[in-house]
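A.B. asks: coords please:
(one chain, ligands or ions: 1)
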Amino acid sequence: AKAKSKGNVAGGLTLESVRDSLIRQEDTIVFSLIERARFPANAPAYDPSYFSDPGACGSLVEFVVKQTEAIQAKAGRYENPEENPFFPDNLPPSQAPPHKFPRLLHPAGMSVNLNKIIWDVYFNKLLPLFVAPGDDGNYASTAAHDLECLQALSRRIHYGKLVAEVKFRGERKDYEPAIRARGKRTLMNLLTNKKVEEAVKRRVAKKAMTFGQEVKLGNDTVGSKGKFKVDPDIVSRLYGEWVIPLTKDVEVEYLLRRLD
Ligand SMILES: C=C(O[C@@H]1C=C(C(=O)O)C=C[C@H]1O)C(=O)O
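C.D. replies: This next block holds a predicted model:
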């Protein structure tokens with residue numbers, strides 16, 4: 001049986017504390033989806049022919065993400081290893097005084113960045129599932145909310161590095177041989193916990209119902225009959241089909257670099 005790696009490992013990091021953070025991040029993801037759903041599809045925001053930033057090609061949403069990431073890089077956002085930019089090339093250096101973030105990750109694994117996949121999944125698979133068709137002209141606000149969703153999803157998925165580090169430290173004798181053998185399937189089996197995954201999918205659907213309910217005065221309760229701001233089944237599907245599998249991919253990619 002798998003040893004429950006609840007033992008306290010370096011830096012106060014435990015599987016329990018990491019899982020608690022993932023649970024708290026569910027709130028941020030659900031609320032960011034609810035806020036994006038305030039706007040319709042607003043297709044021009046994604047159309048490179050609608051808006052062009054002089055000297056750069058790309059859509060309005062790419063412009064907003066690149067420019068926002070540049071400002072946040074100067075403010076020190078990416079000094080935190082939990083934050084991974086969508087456009088890492090040519091990001092300006094931090095202008096903020098250095099902050100000592102706990103050094104918990106193995107340096108070789110820190111570079112794992114699946115944001116290109118996350119970008120594609122978000123815009124091409126997820127967005128059409130939960131926003132209404134239409135165009136209200138609020139393309140800049142729409143792009144700002146897309147970025148909130150992208151950053152929340154990216155932070156959650158790349159948290160897989162911390163999960164992998166805790167699991168590695170807790171069960172080194174199991175992980176090392178699989179890493180040396182480059183056994184991706186073995187690593188995936190070692191790190192998978194179906195019970196936790198099922199609980200995650202059920203809880204995020206419940207949060208979508210709770211946070212996304214229409215609150216009326218009077219004594220009506222959170223009824224399943226009401227309409228929710230984002231379909232709870234779509235949130236559960238987002239986790240089941242993309243967030244959890246991508247988190248596990250991050251865990252595997254991090255572990256493959258753990259002995260470098
Ligand atoms: C994050 C973990 O690793 C895996 C990924 C999970 C997820 O993305 O929710 C849940 C359980 C595991 O299969 C974990 O064990 O908590």
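A.B. asks: How about residue 30: what's its closest non-neighbour residue?
C.D. replies: Of all residues beyond its chain neighbours, the one nearest residue 30 is residue 207 (4.9 Å), with distances taken as Cβ to Cβ, 6 or more residues apart in numbering. In this view, the C-beta of every residue, glycine as well, is placed from N, C-alpha and C.
A.B. asks: Next one: the one you found from the ligand, what distance?
C.D. replies: With the distance defined as Cβ to the nearest ligand atom, to the nearest Å, residue 207 ends up 14 Å from the ligand.
A.B. asks: just residue 133 next, same as before
C.D. replies: Distance, residue 133 to the ligand, by Cβ to the nearest ligand atom: 31 Å.
A.B. asks: Mind giving me the packing neighbours of the helix or strand where residue 175 lies?
C.D. replies: Counting by DSSP states H and E, the secondary-structure element that holds residue 175 is helix 172-180. Identification of packing neighbours for helix 172-180 by 3 or more Cβ pairs under 8 Å, 6 or more residues apart in numbering; DSSP states H and E yields helix 184-191, helix 244-256.
A.B. asks: Adding distance to the ligand, mean pLDDT and mean neighbour count, write these out as JSON lines.
C.D. replies: Formatted as JSON lines, the entries for the helices and strands packed on helix 172-180 read as follows, by distance: least, Cβ to the nearest ligand atom, whole Å; pLDDT from 0 to 100; neighbours: other Cβ atoms under 10 Å:
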{"stretch": "helix 184-191", "distance to the ligand": "6", "mean pLDDT": "98", "mean neighbour count": "16"}
{"stretch": "helix 244-256", "distance to the ligand": "4", "mean pLDDT": "98", "mean neighbour count": "21"}
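A.B. asks: Which positions in the chain make contact with the ligand?
C.D. replies: Proximity of the chain to the ligand is confined to 19, 163, 191, 192, 193, 196, 197, 200, 244, 247, 248 under the rule Cβ under 6 Å from any ligand atom.
A.B. asks: could you dump the helices and strands packed on helix 172-180 to JSON lines with distance to residue 69?
C.D. replies: Formatted as JSON lines, the entries for those read as follows, by distance: least, Cβ to Cβ, whole Å:
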{"stretch": "helix 184-191", "distance to residue 69": "30"}
{"stretch": "helix 244-256", "distance to residue 69": "20"}
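A.B. asks: Backbone dihedrals for residue 228, please?
C.D. replies: When quoted as degrees, to the nearest 10, the phi and psi of residue 228 stand at phi -110, psi 150.
A.B. asks: quick one: pLDDT of the spatially closest residue to it that is not a sequence neighbour?
C.D. replies: By the measure of Cβ to Cβ, 6+ apart, the closest residue to residue 228 outside its immediate chain neighbours is residue 212, 3.9 Å from it. pLDDT, residue 212: 97.
A.B. asks: Likewise for the one 4 residues further on?
C.D. replies: Note on residue 216: pLDDT of 89.
A.B. asks: Any stretches of the stretch 1-150 of the chain with poor pLDDT?
C.D. replies: Under the criterion of pLDDT under 70, the regions of the stretch 1-150 of the chain flagged as low confidence span 1-11.
A.B. asks: Helices along that one, start to end?
C.D. replies: 15-36, 60-74, 115-121, 127-130, 139-158 (DSSP state H, counting those that start in this stretch).
A.B. asks: how near is residue 248 to residue 209?
C.D. replies: Distance of residue 248 to residue 209, computed by Cβ to Cβ, to the nearest Å: 26 Å.
A.B. asks: now residue 26
C.D. replies: The spacing between residue 26 and residue 209, counted by Cβ to Cβ, is 13 Å.
A.B. asks: thought residue 44 was touching residue 135?
C.D. replies: Yes. Taking Cβ atoms under 8 Å as the definition, residue 44 is a contact partner of residue 135 at 6.8 Å.
A.B. asks: Let me see the contact set for the residue nearest to residue 228.
C.D. replies: Residues in contact with residue 212 (Cβ atoms under 8 Å, 6 or more residues apart in numbering) are 30, 34, 228, 229, 230, 232.
A.B. asks: Kindly recompute the last result at 7 Å.
C.D. replies: By Cβ atoms under 7 Å, 6 or more residues apart in numbering, the residues touching residue 212 are 34, 228, 229, 230.
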